[in-house]
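>>> Quick one, structure for this:
(2 chains)
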2 protein chains.
Amino acid sequence: MSNIKAVIITIGDELLIGQTIDTNSAWIAQKLNAQGIDVVRRVAVGDTREAIITALDEEWLKASLIILTGGLGPTSDDITKPLLCEYFGGQLKVDEAVLAHLKEIFARRNRPMLERNLKQAEVPDNCTVLFNKMGTAPGMWFEKNGKIIISLPGVPFEMKHIMEQEALPRFKTRFTGDAIVHKTVFTAGEGESYIAEKIAPIEAALPAYIKLAYLPDSGFVRLRLTAKGSNDQQLEQETAAFQQQLVALLGDIVIATEDLPLEQLLGKSAHKAGLTFGFAESCTGGYIGHFVTQVPGASAWFKGSIVSYDNEVKENVLGVHKSTIENYGAVSEQTITEMAKGALKALNVDYSLAVSGVLGPDGGTERVKVGTVWMAVANKEKVVTKIHTFFYDRERNKEMAAKMGMLLLWKFINGKL
Amino acid sequence: MSNIKAVIITIGDELLIGQTIDTNSAWIAQKLNAQGIDVVRRVAVGDTREAIITALDEEWLKASLIILTGGLGPTSDDITKPLLCEYFGGQLKVDEAVLAHLKEIFARRNRPMLERNLKQAEVPDNCTVLFNKMGTAPGMWFEKNGKIIISLPGVPFEMKHIMEQEALPRFKTRFTGDAIVHKTVFTAGEGESYIAEKIAPIEAALPAYIKLAYLPDSGFVRLRLTAKGSNDQQLEQETAAFQQQLVALLGDIVIATEDLPLEQLLGKSAHKAGLTFGFAESCTGGYIGHFVTQVPGASAWFKGSIVSYDNEVKENVLGVHKSTIENYGAVSEQTITEMAKGALKALNVDYSLAVSGVLGPDGGTERVKVGTVWMAVANKEKVVTKIHTFFYDRERNKEMAAKMGMLLLWKFINGKL
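Predicted structure coming up:
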């Protein structure tokens, strides 16, 4: 049996002038995919009547489910609601439940309710309202000729809330697609080409219903097996077997078979070992601390970070010797070693990670070129240092430094250094 | 004269299963827009022959310029190059310059060059190569019936490099579109509806060739005026006049008329005043330090941050009294005041910002509910505290805490508290 096909249409001039990065589509795609609904295309169009109607007309032919986001706000550049109402031949009418909810929101925020806010309580009489507890713009569910079109606000947390509470449960009862099984092999330290060469025999042996995707990201490559079929138990077993073959063949470069971000793997490792860690961050500015605190419950293993952007902070808070910085520079093996040891002590942690480098575009010297990043991990027994040279722009050099730092700490905690 | 219309097509299954967030499209759109090229649609399709050809056939009719990204890697899920070659009736041939570059990259990385890497040196003989100094997959420029299609790798920094070095300069000489003028008014503290109501008379007075967009983002709203026309000087003057009217009408909630991120405005304010700042971050985990160090040259005003995720770090490094935490809790006005004062001292800065809260999903208590965030700014003369309550998920609560913190510091530095 083939799966339901879906198209995501995002609406808003801000997407076409590049003011906004579309994070909604990826989130929606993940959720649909997990329920066995295939997203076949994503389209972004501007806030014009013609563009929206063209997109609806065209995508209507390609999918059974269309998810629209955006264009539902209270301002005059939001035109989706009346347009959809007309497209499906309905009339706008005040929905009492939505109105009551709007009044409550404005009362809570202590804000007067304006005419344009009252208009947000109007919905087409030929749609089912998808209640938006998180905001003022209700979602809408239309059906026509066996196809479903839903319209959601573009504000990410409102969209997510309506999807989770209202739309996804309805999809579950309406669509019974093929089972989909995903398995991941998360690798670090080698590129796509090397991996592809190495696993060529396995890739050649995959049946047509199991696809392999290479997902490279900042020094890591995730291999993703996706299997589709009617017998989910058999699929699960078969895909797990291929996953095991990949792990065996790739050996040391595999760091996980769970599809989790690195910061979560790091947290899990520390938690399992019952230890705490902390950082001394210079060039990363707090980015590594940000990553690890994205994980709920991080306080069980992460105690803190000394962001020592200025050398004075390296000396005063981390206890790096002035002479070390003077003799060897702030970006050196000697300084990074003292930073890691200093963080162990200042933060009173079992393991520390220190990172110091020159990210660019300026700030390089003859001795320390732009892109040079020293890192060190330490515990009471030992310190391990490592130097990286990144060739990218400032932003990506920073991301690489943060991720390679977390990888080094992960390896240290897992006894791989 | 009407502008050149462009469509961006992104290729890759990872976009349709939601594994990857598409940041390329926004970047490309910004660059094209700045050169007077209108992006009219963005389409994402999977790694299948049929999907790519359908997209090319359909978008071909809607634009004079098509920019494709993705599908150019060395692995078997990358099919774009041979497909484009065939689509435009060419033959794949080894390009010597690309080959020499590939050999150099592999030599530098000390990696053997594989058969599949050699294949990356092959390009269609009917395209112009857009040289990729940053990676192994060359870009390609095809022309047919007066239309241009370019194909770029999906890896963001490679794509950006080719765009900046190869594609954009060529567009500049090829297309002479209408002038486009953008003006921004950056506001904080009020929602879209309030602003829309307030500026309704100005909005009504805008001529058809000047559009106003509302771009809300985490407690801020950017108003963006976009004007198009043939006389760029007149456009500039006219748009600037409307911008001034908006500023006058919106008063206190305006924080800038430059289109810069908050962290850059903060850095500029500090730099102008010749002062330094630093942070004491608890719940934000280093995120604020990350933001301010995205700005090149940040070391001139930012000295560092004490990420005191654990109470022990608040006590040992920031000097918060144990009794304060015991009596009032880690998330309280008393503790945040001591954190801000402690950061002033530990980091030896002129101004400090401290943030401590409960972001969720767990960790709330009867006294301090999930979403509660205390913040304080301090200099030698005074401390100002503020409490926020956010109602979102962990990730967004964190972002709001970081941004509201930076806003508070910006206001303090600019004498608005």
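
>>> where does the stretch 51-200 of chain A have low pLDDT?
Flagging of the stretch 51-200 of chain A using pLDDT under 70 yields the residue ranges A:73-77, A:176-177.

>>> Going along the chain, name the helices of it.
Here the stretch 51-200 of chain A has its helices, by DSSP state H, counting those that start in this stretch, at A:80-87, A:96-109, A:115-118, A:156-162, A:168-174, A:192-198, A:200-205.

>>> next one: the first one to chain centre, how far?
In terms of C-alpha atoms, centre = their mean, to the nearest Å, the centre of helix A:80-87 is found 32 Å from the chain centre.

>>> Kindly report the same for the third one.
Using C-alpha atoms, centre = their mean, the mean C-alpha position of helix A:115-118 is found 35 Å from that of the whole chain.

>>> Tell me which of the helices of the stretch 51-200 of chain A lies nearest to B:Phe412.
helix A:96-109 (24.7 Å; C-beta to C-beta). For every residue, glycine as well, the C-beta is placed using N, CA and C.

>>> related to what we said a few turns ago, can you tell me which of the helices of the stretch 51-200 of chain A is most buried?
By mean neighbour count, with neighbours taken as mean count of other C-beta atoms under 10 Å in any protein chain shown, helix A:156-162 ranks first of the helices of the stretch 51-200 of chain A at a mean of 21.

>>> Distance to B:Glu281 for the helices of the stretch 51-200 of chain A - can I get that in a markdown table?
Below are the helices of the stretch 51-200 of chain A laid out as a markdown table (distance: least, C-beta to C-beta, whole Å):
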| stretch | distance to B:Glu281 |
| --- | --- |
| helix A:80-87 | 39 |
| helix A:96-109 | 27 |
| helix A:115-118 | 36 |
| helix A:156-162 | 23 |
| helix A:168-174 | 35 |
| helix A:192-198 | 37 |
| helix A:200-205 | 45 |
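
>>> Any chance of a markdown table for those, columns distance to chain B?
Listed next are the helices of the stretch 51-200 of chain A as a markdown table, based on distance: least, C-beta to the nearest C-beta, whole Å:
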| stretch | distance to chain B |
| --- | --- |
| helix A:80-87 | 14 |
| helix A:96-109 | 8 |
| helix A:115-118 | 6 |
| helix A:156-162 | 5 |
| helix A:168-174 | 14 |
| helix A:192-198 | 5 |
| helix A:200-205 | 7 |
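
>>> where's the residue lying closest to A:Asp95 once chain neighbours are set aside relative to A:Gly70, distance?
Once flanking residues are discounted, A:Asp95 sits nearest to A:Val123: 4.8 Å by C-beta to C-beta, 6 or more residues apart in numbering or on different chains. Counting by C-beta to C-beta, to the nearest Å, the separation of A:Val123 from A:Gly70 is 17 Å.

>>> More neighbours: which of these two?
Neighbours were counted for A:Val123 and for A:Gly70 using other C-beta atoms under 10 Å in any protein chain shown; A:Gly70 has more, 28 against 24.

>>> can you pull the contacts of the nearest residue to the more buried one once chain neighbours are set aside?
Spatial nearest neighbour of A:Gly70, excluding adjacent residues (C-beta to C-beta, 6+ apart): A:Gly154 at 3.4 Å. Counting by C-beta atoms under 8 Å, 6 or more residues apart in numbering or on different chains, A:Gly154 makes contact with A:Thr10, A:Ile11, A:Gly12, A:Asn24, A:Thr69, A:Gly70, A:Gly71, A:Leu72, A:Gly73.

>>> Among those, which one has the most neighbours?
Each of the contacts of A:Gly154 was scored for neighbours by other C-beta under 10 Å, and A:Thr69 scores highest at 30 neighbours.

>>> Pairing-wise in the sheet, spell out the partners of that one.
A:Thr10, A:Leu152 (DSSP bridges).

>>> follow-up on the earlier one: pretty sure the residue nearest to A:Asp95 contacts A:Val129?
Yes: using C-beta atoms under 8 Å, A:Val123 is in contact with A:Val129, at 5.5 Å.

>>> which residues do these two both contact?
Taking C-beta under 8 Å, 6+ apart as the contact rule, A:Val123 and A:Val129 both touch A:Asp95, A:Val98, A:Pro138, A:Met140.

>>> What is the burial count for A:Gly251?
If you count neighbours by other C-beta under 10 Å, A:Gly251 ends up with 9.

>>> Report the buried residues of stretch A:315-329.
A:Glu315, A:Asn316, A:Val317, A:Leu318, A:Val320, A:Thr324, A:Ile325, A:Tyr328, A:Gly329 (16 or more other C-beta atoms under 10 Å in any protein chain shown).

>>> What is the end-to-end distance of it?
Chord length of stretch A:315-329, first to last residue, is 13 Å (C-alpha to C-alpha, to the nearest Å).

>>> With stretch A:368-375 instead?
The first-to-last residue distance of stretch A:368-375 comes to 14 Å (C-alpha to C-alpha).

>>> Equivalent analysis for stretch A:153-166, please.
Stretch A:153-166 has an end-to-end distance of 13 Å (C-alpha to C-alpha).

>>> how far is that stretch from where the chain is centred?
Counting by C-alpha atoms, centre = their mean, stretch A:153-166 is centred 16 Å from the centre of its parent chain.

>>> and the stretch 151-300 of chain A, which residues reach chain B?
Residues of the stretch 151-300 of chain A lying close to chain B (C-beta under 8 Å from any C-beta of the partner chain) are A:155-157, A:160, A:191-194, A:196-197, A:203, A:211-216, A:222, A:224, A:226, A:276, A:278-279, A:281, A:283-290, A:292-294, A:296-299.

>>> how about the strands in the stretch 251-400 of chain A?
A:254-256, A:277-281, A:302-308, A:351-357, A:372-378, A:383-389 (DSSP state E, counting those that start in this stretch).

>>> How many residues are close by the nearest residue to A:Ala179 once chain neighbours are set aside?
Nearest-residue entry for A:Ala179: A:Asp232, 3.5 Å, with adjacent residues in sequence omitted and distances by C-beta to C-beta, 6+ apart. When counting by other C-beta under 10 Å, one arrives at 15 neighbours for A:Asp232.

>>> quick one: A:Asp232 and A:Gly36 touch, right?
No: A:Asp232 is beyond contact range of A:Gly36, at 9.7 Å (criterion: C-beta under 8 Å).

>>> ranges for the helices of the stretch 201-350 of chain A?
All helices of the stretch 201-350 of chain A, identified by DSSP H, counting those that start in this stretch, fall at A:232-250, A:262-273, A:287-292, A:311-316, A:322-328, A:333-347.

>>> Go through the last one and flag the buried ones.
Same thing as helix A:333-347. For helix A:333-347, a neighbour-count test (16+ other C-beta under 10 Å) marks A:334-344, A:346-347 as buried.

>>> Restrict those residues to those that also contact chain B, please.
Restricting the buried residues of helix A:333-347 to those touching chain B (C-beta under 8 Å from any C-beta) yields A:Ala346, A:Leu347.

>>> Include pLDDT when you put the buried residues of helix A:333-347 into a markdown table, please.
Formatted as a markdown table, the buried residues of helix A:333-347 follow (pLDDT from 0 to 100):
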| residue | pLDDT |
| --- | --- |
| A:Gln334 | 98 |
| A:Thr335 | 98 |
| A:Ile336 | 98 |
| A:Thr337 | 98 |
| A:Glu338 | 98 |
| A:Met339 | 98 |
| A:Ala340 | 98 |
| A:Lys341 | 98 |
| A:Gly342 | 98 |
| A:Ala343 | 98 |
| A:Leu344 | 98 |
| A:Ala346 | 98 |
| A:Leu347 | 98 |
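
>>> Take the buried residues of helix A:333-347 and write them to CSV, including distance to A:Pro261.
Below are the buried residues of helix A:333-347 laid out as CSV (distance: C-beta to C-beta, whole Å):
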residue, distance to A:Pro261
A:Gln334, 32
A:Thr335, 29
A:Ile336, 25
A:Thr337, 28
A:Glu338, 30
A:Met339, 25
A:Ala340, 24
A:Lys341, 28
A:Gly342, 28
A:Ala343, 23
A:Leu344, 25
A:Ala346, 27
A:Leu347, 23
